[in-house]
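# 3D, please:
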Amino acid sequence: MEFTEIKSSEDAFIAGYGDGGFRMGEGRFEGSMLITAEGFYPWRISIKEDINVDNLKPILEAKGVEIVIIGMGESMAFLPKDVRAAFQTKNIAVEAMDTGAAARTYNVLLQEGRKVSAALIAI
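The predicted model follows:
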């Protein structure tokens, strides 16, 4: 999967997750993903221990993000200190939770009109 542009607000919602991927808009996408206001990207992460500043750069470099939701797979864990610091430096709030909760939280924040991005490990 390459970058997929979000063309409408319906394309931005996570319509489903599980079985190793996500349903966004009319399509199903395999594997973990990063979601920004512009679109979504493949995220070559399968375990939470591999989350780092480098593989979160598309979100860190996106314009206008106010909050990032990180879905860490089946269970939540604390983010590495340098990851939290990178978001804090950009004045972006970051919340980590299991992927199911992250997908639901992302959708709620999106419906509220918040400038939200997400990094989701597929389950």
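# so where is this protein shaky, pLDDT-wise?
Where the chain drops to pLDDT under 70, the residues are 1, 8-9.
# Strands of that one, start to end?
Under the criterion DSSP state E, the chain contains strands at 4-5, 14-18, 21-24, 27-30, 33-35, 39-42, 67-71, 93-97, 116-120.
# Reformat those strands as CSV; add distance to Leu109 and mean neighbour count.
Using the backbone N, CA and C atoms, a C-beta is placed for each residue, glycine as well. Shown next, in CSV, are these (distance: least, CB to CB, whole Å; neighbours: other CB atoms under 10 Å):
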stretch, distance to Leu109, mean neighbour count
strand 4-5, 20, 13
strand 14-18, 11, 16
strand 21-24, 16, 20
strand 27-30, 20, 13
strand 33-35, 11, 25
strand 39-42, 16, 19
strand 67-71, 6, 25
strand 93-97, 10, 18
strand 116-120, 4, 27
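# ok, now how distant is Gly73 from Ser46?
Per CB to CB, to the nearest Å, Gly73 is found 8 Å from Ser46.
# The two: who's more crowded?
A count of neighbours by other CB atoms under 10 Å puts Gly73 above the other of Gly73 and Ser46, at 21 against 13.
# ok, now which ones touch the more buried one?
Ile47, Lys48, Asp98, Thr99, Ile121, Ile123 (CB atoms under 8 Å, 6 or more residues apart in numbering).
# ok, now Lys48?
Met72, Gly73, Ala77, Ile121.
# Quick one: neighbours of the nearest residue to it once chain neighbours are set aside, just the number.
Using CB to CB, 6 or more residues apart in numbering and skipping residues adjacent in sequence, the residue nearest Lys48 is Met72, 4.2 Å away. Counted by other CB under 10 Å, the residues lying close to Met72 total 24.
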